[in-house]
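1. Mind looking at a prediction? Sequence and model below.
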Amino acid sequence: MTTFDPAQYLPDELLERMRERAAVHDRENTFPADDLAELRAAGYLGILVPEDRGGAGLGLAEAAALQSRLAAAAPATALAVNMHLVWTGVAKVMRDRGVDALEFVQREAAAGELFAFGISEAGNDLVLFGSDTDAAPDADGGYRFTGTKIFTSLAPVWTRIGLHGLDTTSPGGPWMVYAFVDRPEAGADDEASIVTRDDWNTVGMRATQSRTTELHGAYAPPSRVVRRVAPGPSPDPIVFGIFSAFELLLAAAYDGIGARALELAVATVRTRRSKQSGTTYSQDPDIRWRIADAALAHDAIAPQIRALARDVDALVDHGPRWFSLLSGVKVRSTETARKVVDDAIRVSGGSSYFASNELSRLYRDVLAGIFHPSDDESAHSTMATALLGPIERA
């Protein structure tokens, strides 16, 4: 068996170039086009695509390790490409379970097409289980989508967008419809069917350029309508595929931010010297305790991500516990990364408060973790339901 080596896919010199560019994109609020070009050239967009369809044939566990490594260098680049990898991860999860509805996603991703994740909607805390986007069927089996999607990472450059909407008119409905829409070319008759707002001006994760996307009858032909399921919680493979790939890859990205913050903290206290004691801060008992505490918390996360990702890859059946396990690891990863970054700043001194300091950027980037589903409240509700059953209604 060949040993998996993350450096084969993300060599040190590539990551160092990305780290240098990350500061520029954060400062200028621009998309990391050079990062994407290098990742595409390296075949990174197809790491989760099976070899027989042109990809690297990696599993979720290996992809998660790579995303942690990428995020340690360029968090926003990792988060942006994460959304593309989610769809290729969904395709893998579904195919592994006998549903090969996303073959086109795999083949096109391996060929360099870029998939955006068009699920989030303002005020829609149902996320996968409901939608404010209207999915209107046509006579041929296609759908036109009208609504607004938020946090659409890769907004300036995606070529395909996977999305969902609610069909309230078809027999047996309503139906949650999952489909894929191509980005209209400039000057095409349907160019106005998708409008990307230039509204991304955020505290952190600025290079993701996760702008708002307006859908005005955006058309998915029958061949790109991949699933119709009833609204609400569902064991359907596409729901499980999205939930598992999204939570695990997201957790991995934030774990990478924590790893980098810890690395910077250790390097800083080894050189930062106290005038009072005459020694470096690495000899200060309080500093040593805080760094050790951060490391103890951080070390617990990667094994959890790896274990759950391997269970997904191996088709382990956790039954109704799956959703609580997945949402739990996402919350633990993002919250732990926030703690680690905070501790790193505390031991690194006032220089980390300057915007030019890498820790300052990590501090702002890691904050985005609280906004991704599953949020803290949702994860607790999911866990309580898994352990105690649903709330009894009078």
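-> Cool, the structure landed. Numbering: from 1, shown residues only.

2. quick one: buried residues of whichever strand or helix holds His298?
-> In this assignment (DSSP states H and E), His298 forms part of helix 285-299. The neighbour-count check on helix 285-299 (16 or more other Cβ atoms under 10 Å) flags Ile287, Arg290, Ile291, Ala294, Ala295, Ala297, His298 as buried. The way it works is simple: take the backbone N, C-alpha and C, and place the C-beta from them, glycine included.

3. same deal with stretch 346-364?
-> So stretch 346-364, judged by 16+ other Cβ under 10 Å, has buried residues Val347, Ser348, Ser352, Asn357, Leu359, Ser360, Arg361, Leu362, Tyr363, Arg364.

4. JSON lines for those residues, including distance to Arg53 and pLDDT?
-> Conversion of the buried residues of stretch 346-364 to JSON lines gives the following (distance: Cβ to Cβ, whole Å; pLDDT from 0 to 100):
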{"residue": "Val347", "distance to Arg53": "47", "pLDDT": "97"}
{"residue": "Ser348", "distance to Arg53": "46", "pLDDT": "96"}
{"residue": "Ser352", "distance to Arg53": "45", "pLDDT": "96"}
{"residue": "Asn357", "distance to Arg53": "43", "pLDDT": "96"}
{"residue": "Leu359", "distance to Arg53": "41", "pLDDT": "98"}
{"residue": "Ser360", "distance to Arg53": "42", "pLDDT": "98"}
{"residue": "Arg361", "distance to Arg53": "37", "pLDDT": "98"}
{"residue": "Leu362", "distance to Arg53": "36", "pLDDT": "98"}
{"residue": "Tyr363", "distance to Arg53": "40", "pLDDT": "98"}
{"residue": "Arg364", "distance to Arg53": "38", "pLDDT": "98"}
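
5. which two in these are spaced the farthest apart?
-> The distance between the two most remote of those (Cβ to Cβ) is 18.4 Å, for Val347 and Arg364.

6. and the direction of the longest helix along the chain versus that of helix 285-299, what angle?
-> Among all segments of the chain classified by DSSP state H, the helix with the greatest residue count is helix 237-271. Interaxial angle of helix 237-271 relative to helix 285-299 (axes from the mean of the first three to the mean of the last three Cα atoms, to 10 degrees): 160 degrees.

7. so how far is helix 237-271 off the chain centroid?
-> Chain-centre distance of helix 237-271: 10 Å, with Cα atoms, centre = their mean, to the nearest Å.

8. what packs against that helix?
-> helix 60-73, helix 75-96, strand 225-229, helix 285-299, helix 301-313, helix 322-348, helix 358-366 (3 or more Cβ pairs under 8 Å, 6 or more residues apart in numbering; DSSP states H and E).

9. Check these for me and report the most buried one.
-> Ranked by mean neighbour count under mean count of other Cβ atoms under 10 Å, these are led by helix 75-96, which reaches a mean of 26.

10. pLDDT on that one, on average?
-> Across helix 75-96, pLDDT averages out at 98.

11. so how far is it from its chain's centroid?
-> Counting by Cα atoms, centre = their mean, helix 75-96 comes out at 7 Å from the chain centroid.

12. Can you name the residues that contact the closest residue to Leu10 other than its chain neighbours?
-> Closest residue to Leu10 apart from its sequence neighbours, by Cβ to Cβ, 6 or more residues apart in numbering: Arg69 at 5.2 Å. Going by Cβ atoms under 8 Å, 6 or more residues apart in numbering, Arg69 touches Pro6, Leu10, Leu15, Gly256.

13. Mind checking which of those are in helices?
-> Pro6, Leu15, Gly256.

14. Most neighbours of all these, which one?
-> Neighbour counts for those, by other Cβ atoms under 10 Å, peak at Gly256, which reaches 26 neighbours.

15. how much space between that residue and Ala135?
-> Remark: distance between Gly256 and Ala135 (Cβ to Cβ, to the nearest Å) = 36 Å.

16. what's the answer for Arg97, then?
-> When distance is defined by Cβ to Cβ, Arg97 is 24 Å away from Ala135.

17. With Ile150 instead?
-> When Ile150 is compared with Ala135 (using Cβ to Cβ), they lie 18 Å apart.
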